[in-house]
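Engineer: Here is a sequence together with a model predicted from it:
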Amino acid sequence: MKSIIRKFFDYINLAKGEDDKSKVLDNVKVNISFRGANLWILACAIAVASIGLNVNSAAVIIGAMLISPLMGPIVGAGFGLGTYDFELLKRSLKNLLIATIAGLVVSTIYFYISPFKEAQPELLSRTSPNIYDILIAFFGGLVGVIAITRVEKGNPIPGVAIATALMPPLCTAGYGLATGGYKFFFGAMYLYSINCVFICISTFLIVKYLKYPIKKQLDEKLQKKVKYYISTVITIVLLPSIYFAYQLFEEKKYQQQIDIFTEKEFNEKGITVVYKKTQFNKSPKILELGFLSKRFSDAEIKALNQSLPDYELNNTKLVIKQDTTDLKSDILNEINFNKSALSQKDVTILNLKKQIAFNHFDNNELLAEMKILFPDIQNISISNHTFNEKTDSTKTVPVLIYKSKNKFEKQELDKIVQWLKQRLTKKEIEVYRQPNISKDSK
């Protein structure tokens, strides 16, 4: 039993494949700054995302999220909290503030000069966060920081950028400022803040789990002071986050009770509900319903309101919309919103499938072919690897590691590289030989 438990923990051990901690910290610090190229990339990404929201294009919005560098300072703040590095924390928060202000300025200018001011479904969907937004931000942040701490980083960061969706709410807040719609501004900033906070929390937890060394201060009094400040910040971040999560959980539970209420009181009686809208944050809460053909008398509406506490829908007022003109408009808006949500999911799934296909290589099939062309080869492993350039950009290159009976001459290696480029339709390939793991060709 002990051996089984030991094997289980061995399988989930994050220390395996972990990169040198000092190198990881250096990379994190490099990606924090929003100056020069990073600031220009952010401004362009904000502009692209704003256009996508304006024309209601999920594909354009996803493209903007892929080029956005917003994750850098948030991850940096998580590392600062986890290692008690007050300077790193200050620098991260400062750069996150710069990025946020820059994003708001660019998106506000765009929506101010844009002739199209109508709130599209893509904009509306970024103003009311729910419990799933918290879970996505938290687990997406976990994936991101785990990838950052690996020797073989793979390529999950684009997927994390899409999942956590930092760009769209920031642009929606800019739309709110440009049009004077402060409901848009505060709702979108709330969603943006939730994403930032929970990505930071997930980073903090992984940093603590991997036991990154705490930064030592020369002065012991200063050390205690820094620990006190960092602990205060952690408390300030965690407590509201727990409250937000609880509130959103309560909202989700409330929506489930509404579903039970409509099912029992209407659907099971053959009364078709064609429109449903809730206003959770009002007091009393508002539940609006519209029906296909049924018309309710005042006495029936009163009886339905009195039955709400039986379904744990306390402090709730039921409003039945029976004006056909208003109801038709509301139903059309709801249909358009749901179509947009489905379209966005389809596009996201398609992009993720493309990402998986881009990173997948059939090692067994390639090995069988290579053994025919190069009989000395015994085994191979090929996968995409992402390398940091001297600039702020990165590049992804397929890397082949092979095992052979004898070491290949340069001429033979060149043939392998050229064949792989043709076979995989790649412009660049890197080849290494085991067991020396020394680079043979490029």
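Structural biologist: Happy to help now that I have it. Numbers count the residues shown, from 1 in each chain.

Engineer: hey, let's count contacts and neighbours off CA atoms from now on
Structural biologist: Will do.

Engineer: Going by neighbour count, list what's buried in stretch 289-306.
Structural biologist: Across stretch 289-306, burial judged by 16 or more other Cα atoms under 10 Å covers 289, 290, 291, 304, 305.

Engineer: ugh, wrong one, I meant stretch 62-82
Structural biologist: 62-82.

Engineer: cool, and stretch 265-280?
Structural biologist: For stretch 265-280, the neighbour count (16+ other Cα under 10 Å) marks 272, 273, 275, 276, 278, 280 as buried.

Engineer: Same check on stretch 136-150?
Structural biologist: 136-150.

Engineer: Residue 418: what secondary structure?
Structural biologist: For residue 418, the secondary structure call by DSSP: H, G, I helix; E, B strand; the rest coil comes out as helix.

Engineer: what about stretch 273-285, how long is it end to end?
Structural biologist: End-to-end distance for stretch 273-285: 19 Å, by Cα to Cα, to the nearest Å.

Engineer: hang on, the earlier thing: dump the buried residues of stretch 289-306 to JSON lines, plus secondary structure, pLDDT and distance to residue 426.
Structural biologist: Formatted as JSON lines, the buried residues of stretch 289-306 follow (DSSP: H, G, I helix; E, B strand; the rest coil; pLDDT from 0 to 100; distance: Cα to Cα, whole Å):
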{"residue": "289", "secondary structure": "strand", "pLDDT": "86", "distance to residue 426": "56"}
{"residue": "290", "secondary structure": "strand", "pLDDT": "82", "distance to residue 426": "57"}
{"residue": "291", "secondary structure": "strand", "pLDDT": "80", "distance to residue 426": "58"}
{"residue": "304", "secondary structure": "helix", "pLDDT": "88", "distance to residue 426": "66"}
{"residue": "305", "secondary structure": "helix", "pLDDT": "88", "distance to residue 426": "65"}
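
Engineer: The stretch 301-442 of the chain: strands as residue ranges?
Structural biologist: 316-321, 377-388, 394-404, 430-433, 438-441 (DSSP state E, counting those that start in this stretch).

Engineer: Export these as TSV, with columns for mean neighbour count and mean pLDDT.
Structural biologist: Formatted as TSV, the strands of the stretch 301-442 of the chain follow (neighbours: other Cα atoms under 10 Å; pLDDT from 0 to 100):
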stretch	mean neighbour count	mean pLDDT
strand 316-321	18	86
strand 377-388	17	77
strand 394-404	16	79
strand 430-433	19	81
strand 438-441	13	46
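
Engineer: Show me the one of those that comes nearest residue 91.
Structural biologist: strand 377-388 (21.7 Å; Cα to Cα).

Engineer: what lines up beside the closest one in the sheet?
Structural biologist: The pairing partners recorded for strand 377-388 under DSSP bridges are strand 394-404 (antiparallel).

Engineer: Run the chain-centre distance for the strand it pairs with.
Structural biologist: Mean-position distance between strand 394-404 and its chain equals 28 Å (Cα atoms, centre = their mean, to the nearest Å).

Engineer: picking up where we left off before, among the strands of the stretch 301-442 of the chain, which comes closest to residue 14?
Structural biologist: Closest to residue 14 of the strands of the stretch 301-442 of the chain is strand 377-388 (Cα to Cα; 19.1 Å).

Engineer: Check which helix or strand residue 196 maps to.
Structural biologist: helix 182-209 (DSSP states H and E).

Engineer: Give the buried residues for that helix.
Structural biologist: 184-208.

Engineer: tell me which strands and helices the helix or strand containing residue 101 is in contact with?
Structural biologist: Assessed by DSSP H and E, residue 101 sits inside helix 86-113. Using 3 or more Cα pairs under 8 Å, 6 or more residues apart in numbering; DSSP states H and E, the elements in contact with helix 86-113 are helix 37-54, helix 71-82, helix 167-179.

Engineer: one step back: between helix 71-82 and the helix holding residue 196, find me the angle.
Structural biologist: Inter-element angle recorded for helix 182-209 and helix 71-82: 50 degrees (by axes from the mean of the first three to the mean of the last three Cα atoms, to 10 degrees).

Engineer: quick check: mean pLDDT across helix 182-209?
Structural biologist: In this model, helix 182-209 carries a mean pLDDT of 85.

Engineer: Ok, stretch 233-251 next?
Structural biologist: On average, stretch 233-251 scores 74.

Engineer: same thing with stretch 90-98?
Structural biologist: Average pLDDT, stretch 90-98: 91.

Engineer: Report the buried residues of that stretch.
Structural biologist: Quick answer for stretch 90-98 (16+ other Cα under 10 Å): 91, 92, 93, 94, 95, 96, 98.

Engineer: And the contacts of that stretch?
Structural biologist: 32, 33, 34, 70, 73, 74, 76, 77 (Cα atoms under 8 Å, 6 or more residues apart in numbering).

Engineer: ok, back up a step: quick one, which of the helices and strands packed on helix 86-113 is nearest to residue 377?
Structural biologist: The stretch from the helices and strands packed on helix 86-113 with the least distance to residue 377 (Cα to Cα) is helix 71-82; that distance is 41.4 Å.

Engineer: quick one: which two of the buried residues of stretch 289-306 are the most distant?
Structural biologist: Among the buried residues of stretch 289-306, 291 and 305 lie farthest apart (Cα to Cα), at 16.3 Å.

Engineer: Can you list phi and psi of residue 293 for me?
Structural biologist: With angles defined as degrees, to the nearest 10, residue 293 sits at phi -140, psi -20.

Engineer: so who does it touch?
Structural biologist: residue 272.

Engineer: Check residue 77 too.
Structural biologist: 88, 89, 90, 92, 93, 200.

Engineer: Residue 199 versus that one, what's the distance?
Structural biologist: For residue 77 relative to residue 199 (Cα to Cα), the value is 10 Å.

Engineer: again, but for residue 144
Structural biologist: Residue 144 is 9 Å from residue 199, by Cα to Cα.
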